[in-house]
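[1] The following comprises the amino acid sequence and a computationally predicted model.
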Amino acid sequence: MKKETIILTDFLTEIFPTWATEIPDLAGYFHEYFLEPGELLNTERGDIYLVSEGAFGKYTRREPLRYILPGELIIIALRRRYHTFKALNFSRVYMLDRPSLYRISCEYPNTMALYDELLQRQQDSLEFRQQILLMPKAHRYAYFKSRYATIVPLIDRKELAVFLQISPELLRRIF
């Protein structure tokens, strides 16, 4: 399995090339956290996480809603939702909390352009599952694996079947 690591400054440069001159203090506002497999991400409303290493699953009542790989974001909604984010393997995230985001945006108004880009990246990731569920059931696993091959060995087949909304029997035949 390929191990991928995303460097915070490289990610910021990719999505907002002028961040170092327009918001020079930005990288200093991020906090780095390491998680063990099975550990839950401690979240607060409005937090923004960049997955740097590892993989996460997003769940509601044990039902998988989304998987997150390095380079993808987790943005916690301001309205209380009962989702959990579980590290599927050894993981590292960078977190920007809401109070820090507010402080940065007051000092550097261009922060809103960066925030818009972060929201768009988040939305792109969220739409992946919607695309899967519009496909014929027999094609869902192949499409999932084309993007999330590294997730497959980290979750059991029952969870994968629930995520893909196909029967465990169909998944067994496809696998």
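    In hand now; what should we look at?

[2] which residue ranges form the strands in the chain?
    31-35, 48-53, 56-60, 63-68, 73-75, 84-87, 91-96 (DSSP state E).

[3] Quick one: those strands as CSV, columns for mean neighbour count too.
    Every residue, glycine included, has its C-beta placed from N, CA and C. Shown next, in CSV, are those (neighbours: other CB atoms under 10 Å):
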stretch, mean neighbour count
strand 31-35, 15
strand 48-53, 22
strand 56-60, 18
strand 63-68, 18
strand 73-75, 20
strand 84-87, 20
strand 91-96, 22
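
[4] Turn these into CSV, including mean pLDDT.
    Shown next, in CSV, are these (pLDDT from 0 to 100):
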stretch, mean pLDDT
strand 31-35, 97
strand 48-53, 97
strand 56-60, 96
strand 63-68, 95
strand 73-75, 96
strand 84-87, 97
strand 91-96, 98
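
[5] Once you drop chain neighbours, what's closest to Leu78?
    Distances taken as CB to CB, 6 or more residues apart in numbering put Arg45 closest to Leu78, at 5.1 Å, once the chain neighbours are dropped.

[6] Report the buried residues of the lengthiest helix in the chain.
    Using DSSP state H, we find that the single longest helix of the chain is helix 111-134. Across helix 111-134, burial judged by 16 or more other CB atoms under 10 Å covers 111, 113-115, 118, 121, 125, 128-129, 132.

[7] What's the separation between Ser100 and Leu50?
    Taking CB to CB, to the nearest Å as the measure, Ser100 falls 14 Å from Leu50.

[8] could you dump the strands of the chain to JSON lines with distance to Thr13?
    Below are the strands of the chain laid out as JSON lines (distance: least, CB to CB, whole Å):
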{"stretch": "strand 31-35", "distance to Thr13": "18"}
{"stretch": "strand 48-53", "distance to Thr13": "13"}
{"stretch": "strand 56-60", "distance to Thr13": "23"}
{"stretch": "strand 63-68", "distance to Thr13": "21"}
{"stretch": "strand 73-75", "distance to Thr13": "16"}
{"stretch": "strand 84-87", "distance to Thr13": "25"}
{"stretch": "strand 91-96", "distance to Thr13": "14"}
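
[9] Just tell me which of those ends up closest to Ile174.
    Nearest to Ile174, of all the strands of the chain, is strand 63-68, at 17.4 Å by CB to CB.

[10] Count the neighbours of the closest residue in space to Glu117 that isn't next to it in sequence for me.
    Excluding its sequence neighbours, the residue lying closest to Glu117 (CB to CB, 6+ apart) is Ile15, at 4.6 Å. Ile15: 15 surrounding residues under other CB atoms under 10 Å.
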